[in-house]
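In: Make a model of this:
(chains A, B and C)
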Amino acid sequence: MLEIRNLSKSFRGLRAVREVSFEVPEGTINALIGPNGAGKTTIFNMVAGVYAPDSGSISFRKHPIHGLRPDQVCAAGIGRTFQIVKPFAGLSVLDNVMVGAFLKEKSAARARQISAGILERLGLGPKRDLPASTLTLPDRKRLEVARALATRPKLLLLDEVMAGLRPTECDQMVEVFRELNRSQGLTILLIEHVMRAVMALARHIGVLHHGELIARGTPEQVVRDPAVLECYLGEETEV
Amino acid sequence: MALGLSVIFGVVRVVNFAHGEMMTVAMYLTLVLVSALKLDPLVLLAPIAAVLFVFGYLLQLGLINPFINRPEHSQFMLLVAVALVLVNAQLIVFGPDAQGIRTAYSFDSFQLGPLIVDAAKVYAAAAALVVAGALFAFFRFTLLGKSIRACADNYQGALVVGLNVKRLYALTFGLGAACVGAAGAMLMVVIDVTPTLGPAYTLLAFVIVITGGLGSMPGALLGGLLIGLTEALGGVLFVPSAKSMFAFALLVLVLLFRPQGILGKKTS
Amino acid sequence: MRLLEGVPRRGLILLAALLVCLIAFPLFASGYLLAVGFLILYYAYVGQAWNVMMGFAGQLSLGHSLYVGLGAYAAAALYVHFGVSPWIGLGASIVLCALAGAVIGLLAFRFGVSGVYFAILTIAFAEFARIGFDHFAWVRGSSGLFLPVANYTENDLWNLRGSPVMFYYLMLALTAGAFVLCHALLRSRMGYYWRAIREDPDAAQSLGVNTFRYKMVAVVLSAAMTSLAGVVFAFYYNNLFPEQIFHISRSIELILGPIIGGIGTLVGPLVGALLITGLAEGMRELMLQLGIDVPGVKQVFYGLCLLLVVMFLPDGVWPAIARRLRLHA
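Out: Next up is the predicted model:
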């Protein structure tokens, strides 16, 4: 569904991502892991249209999407969340989600209905009329997910949505994604440090280090890969 | 004068919409002191700058600091309110008529090749250069100057290393105001003052600073020169009263192609 | 009533009561009070128009006098030179201002000029127009454009020549229309997208919002709405001077209402206009009574009030009142 070929990006001479290639098959849940600064969010931002890649290509359902604006990428069917949450602070929780829902729905009443349903599903139902600025960080993460889901994406990019969640909350969130994947065939690509979530969700994992993809495979394969153990799990224990 | 605005914006990131008004305050102060003490306005430059420094310091500490994290339009309204009060307080005290001072050299002039230049303008320009130089040295070489620049570069970082950012902001605003004070004293030698001069000069200072680059001191000087030239040329080539149109045209061009100004650094 | 759906019942009752008061006002008011009433409605209307751009879409314009002036001059010049009815002339005004707004928006948003810089760009264009019109001979330059003054006994609605009462009702209709329009817009997709852009343009874009297009719509709509106020202004006062109409202090005056009343709220511009104009006129009356005739006293007081509101009610007066009345702002 998503195909990334030889993607590279530098910032002021620093090569954040170099020659990365992978694909995300339709209907699967995939994870990108790696230490901080490995280039994960940079890849997300290139897919989402925030940065144009220096070289390489990104195609989504066989159409090239590199060079599109973020709103065009979203309209093409890719939803994303931000690692540093960006709620519309002055709007209510429900209104936040409605902004997303308006992509596919012109009528405010229908958009409201859809948004309320999504909030219910993510456990934010009781808080829908509060201003988004009053939410706690875990709730803001949920709001990010709810907003992205409201655009009814085919592919969802999740940037560290589990961070800061308690283990039980993390499990609930995992369950939500599993359910979405199962019932609607939603394809998911996630960046995550919380290995508990990665192991529970992902069928394929890619490991990034210094901007390069150093390993790919199933969770079992990846955790046994010596290169991964050395550079990543050996250095930082963020399990 | 534009230097002051640049200093304030560069560090504190608050656009001072009461800038020209503060300058007319300085001009009136000069007027009063000159007639009371019978001293030359350029001698009074330092004490007036000091008074304005205190004024700016208190203004920042008392009024503006609570607004630092508020949205731009809120800061803007605050300063508009300050400007409104200042202009009209001057109107009440000094009346609407233009008032000027005469110095011993008011009617002197120098001959520079084919050009005849008013002595008053030359002295004022020299004083402006001295002030600019002193300010530049302050920021470059003193510890305090360096800490202020640190605040401008990285607010969070400055907090972390234990700088008292609020006090530094107040100091900076005071410094900016002192520049304005000095500018007011100098201008008094050259032109007459009316309360309505303030808003016009606020705009002019903006044009200059943005053209040169907000927050860049050499930029402010360059901007001043450029705008002066543009206006002079525009005035010669077309009707004199339309000269500021050219200044604004220049401003629009600069904003579009180099929003950070000619010598400004990019801020993201 | 579908246009006003979503307003709480108490709000509707209050609105209806306000409307009745405003309609009945000229029956009781003296000429002076009527003029004050007109001013309040005028500021409420332009405040609402400005609010579309700043309050809804978050684009700070400090040069809205440009649109008032352009709108006023276009309709007035057509009337003076060709006898074109202002109702046709206002079409020209709208087109002209929408174009001006589009040019400014296009330049600013394409080149990524935002925040303070955008605000200063809008000032620059207004100043540009001010100086330009000073030298624009067709509209009499700095000596001012005057409209022929008819006697006030007969109302000629077609040529907008008539009594202050007629202008009062015209302004009332505009203000009410703007209120209903803004209410409908805020509840539509457009309104949601505007507020999303105001709160966080990056997040809005990631949710599929074409930020450029919606910002453009906000600027153009705001400019077009403001131009109507300019037309009425020209035919009400019958004289136009570039020095006055394009001046930056006009731009600031017209945004005081929504800022004091509450940016981004529907009722804010109304409340703000009422407070500001009421305060200013009240001060004048007080000065008259006290026999103080020093220019500037009024403005100092005005400035101090503004200072207090900005410091202690940063969201404006209306949200605070709305909470009191338990209305959803």
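In: Could you give the number of residues near whichever residue of the stretch 1-150 of chain C sits closest to chain B?
Out: For the stretch 1-150 of chain C, the residue closest to chain B is residue C:131, as judged by C-beta to the nearest C-beta, at 4.3 Å. The way it works is simple: take the backbone N, C-alpha and C, and place the C-beta from them, glycine included. Per other C-beta atoms under 10 Å in any protein chain shown, the neighbour tally for residue C:131 reads 22.
In: Show me what secondary structure element comes after the helix or strand it falls within.
Out: Using DSSP states H and E, residue C:131 sits in helix C:116-134. Counting by DSSP H and E, the next helix or strand C-terminal to helix C:116-134 is strand C:145-146.
In: helices or strands next to that following strand in the packing?
Out: Applying 3 or more C-beta pairs under 8 Å, 6 or more residues apart in numbering or on different chains; DSSP states H and E, we find strand C:145-146 packed against helix C:65-82, strand C:239-240.
In: Now the residue in chain B positioned nearest to chain A: phi and psi?
Out: When scored by C-beta to the nearest C-beta, chain B has residue B:71 as its residue closest to chain A, at 10.4 Å. Phi and psi for residue B:71, reported as degrees, to the nearest 10, are phi -60, psi 160.
In: What ranges does chain A have for its helices?
Out: Applying DSSP state H to chain A gives helices spanning A:40-47, A:70-76, A:93-101, A:108-121, A:137-150, A:167-184, A:195-201, A:219-224, A:226-228.
In: packing partners for the third one?
Out: With contacts taken as 3+ C-beta pairs under 8 Å, 6+ apart, helix A:93-101 sits against helix A:108-121, helix A:137-150, helix C:189-199.
In: got the helices and strands packed on strand C:145-146 as TSV, with mean neighbour count, mean pLDDT and distance to chain A columns?
Out: Output for these, formatted as TSV (neighbours: other C-beta atoms under 10 Å in any protein chain shown; pLDDT from 0 to 100; distance: least, C-beta to the nearest C-beta, whole Å):
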stretch	mean neighbour count	mean pLDDT	distance to chain A
helix C:65-82	25	92	26
strand C:239-240	19	88	39
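In: Mind putting these into TSV with distance to residue B:246?
Out: Converted to TSV, the helices and strands packed on strand C:145-146 look like this (distance: least, C-beta to C-beta, whole Å):
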stretch	distance to residue B:246
helix C:65-82	18
strand C:239-240	24
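In: Export those to CSV and append columns for distance to chain B.
Out: Below are the helices and strands packed on strand C:145-146 laid out as CSV (distance: least, C-beta to the nearest C-beta, whole Å):
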stretch, distance to chain B
helix C:65-82, 12
strand C:239-240, 18
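In: The residue positioned nearest the centre of chain A: what's it in contact with?
Out: The residue lying closest to the centre of chain A (C-alpha atoms, centre = their mean) is residue A:158, at 1.5 Å. Applying C-beta atoms under 8 Å, 6 or more residues apart in numbering or on different chains, we find residue A:158 in contact with A:80-81, A:145, A:177, A:188-192.
In: now the helices: where do they sit in the stretch 101-250 of chain B?
Out: Secondary structure of the stretch 101-250 of chain B (DSSP state H, counting those that start in this stretch): helices located at B:119-141, B:143-153, B:155-160, B:165-190, B:197-212, B:217-237, B:243-257.
In: All the helices of chain C, in order from the start?
Out: In chain order, chain C shows helices spanning C:9-28, C:31-51, C:65-82, C:86-110, C:116-134, C:164-186, C:189-199, C:201-206, C:211-237, C:242-245, C:248-261, C:268-290, C:297-312, C:317-325, with DSSP H as the criterion.
In: Tell me which of these sits nearest to residue A:43.
Out: Nearest to residue A:43 among those is helix C:201-206 (15.3 Å), distances taken as C-beta to C-beta.
In: least trustworthy helix or strand in chain C by mean pLDDT?
Out: helix C:297-312 (a mean of 78; mean pLDDT, DSSP states H and E).
In: is chain B contacted by it?
Out: Yes. Counting by C-beta under 8 Å from any C-beta of the partner chain, chain B is contacted by helix C:297-312 at C:297-300, C:302-304, C:306-307, C:310-311.
In: Please save the CA atoms from that helix in CSV.
Out: Provided in CSV are the C-alpha atoms of helix C:297-312 (Å, rounded to 0.1, in the frame of the first residue of the first chain):
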residue,chain,number,x,y,z
VAL,C,297,-8.7,64.1,28.1
LYS,C,298,-11.2,61.8,26.6
GLN,C,299,-8.6,59.7,24.8
VAL,C,300,-6.5,59.3,27.9
PHE,C,301,-9.5,57.9,29.7
TYR,C,302,-10.3,55.8,26.7
GLY,C,303,-6.7,54.5,26.7
LEU,C,304,-6.8,53.7,30.3
CYS,C,305,-10.1,51.7,29.9
LEU,C,306,-8.6,49.8,27.1
LEU,C,307,-5.5,49.1,29.2
LEU,C,308,-7.7,47.7,32.0
VAL,C,309,-9.7,45.5,29.8
VAL,C,310,-6.7,44.1,28.0
MET,C,311,-5.0,43.4,31.3
PHE,C,312,-7.8,41.9,33.3
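In: Which strands or helices does it pack on?
Out: By 3+ C-beta pairs under 8 Å, 6+ apart, helix C:297-312 packs against helix B:72-94, helix C:248-261, helix C:268-290.
In: what about the chain, any weak spots by pLDDT?
Out: Picking chain A for this. Within chain A, the ranges that satisfy pLDDT under 70 run A:231-239.
In: oops, chain C please
Out: By pLDDT under 70, the weakly predicted segments of chain C are C:1-6, C:150-155, C:293-295, C:326-329.
In: list the helices and strands the helix holding residue C:131 packs on?
Out: helix B:72-94, helix B:197-212, helix B:243-257, helix C:65-82, helix C:86-110, helix C:242-245, helix C:248-261.
In: Go again with 6 Å.
Out: helix B:243-257, helix C:65-82, helix C:86-110, helix C:242-245 (3 or more C-beta pairs under 6 Å, 6 or more residues apart in numbering or on different chains; DSSP states H and E).
In: in it, what's buried?
Out: C:116-131, C:133-134 (16 or more other C-beta atoms under 10 Å in any protein chain shown).
In: With stretch C:180-199 instead?
Out: For stretch C:180-199, a neighbour-count test (16+ other C-beta under 10 Å) marks C:181-187, C:189-199 as buried.
In: what's the pLDDT at whichever residue of the stretch 101-250 of chain B sits closest to chain C?
Out: Here the residue of the stretch 101-250 of chain B nearest chain C is residue B:245; by C-beta to the nearest C-beta that distance is 4.3 Å. At residue B:245, the pLDDT value in this model is 72.
In: where's the nearest residue to it once chain neighbours are set aside relative to chain A, distance?
Out: Sequence neighbours aside, residue C:131 is the residue nearest to residue B:245 in space, at 4.3 Å (criterion: C-beta to C-beta, 6 or more residues apart in numbering or on different chains). Residue C:131 is 38 Å from chain A, where distance means C-beta to the nearest C-beta, to the nearest Å.
In: Sweet, I'm off.
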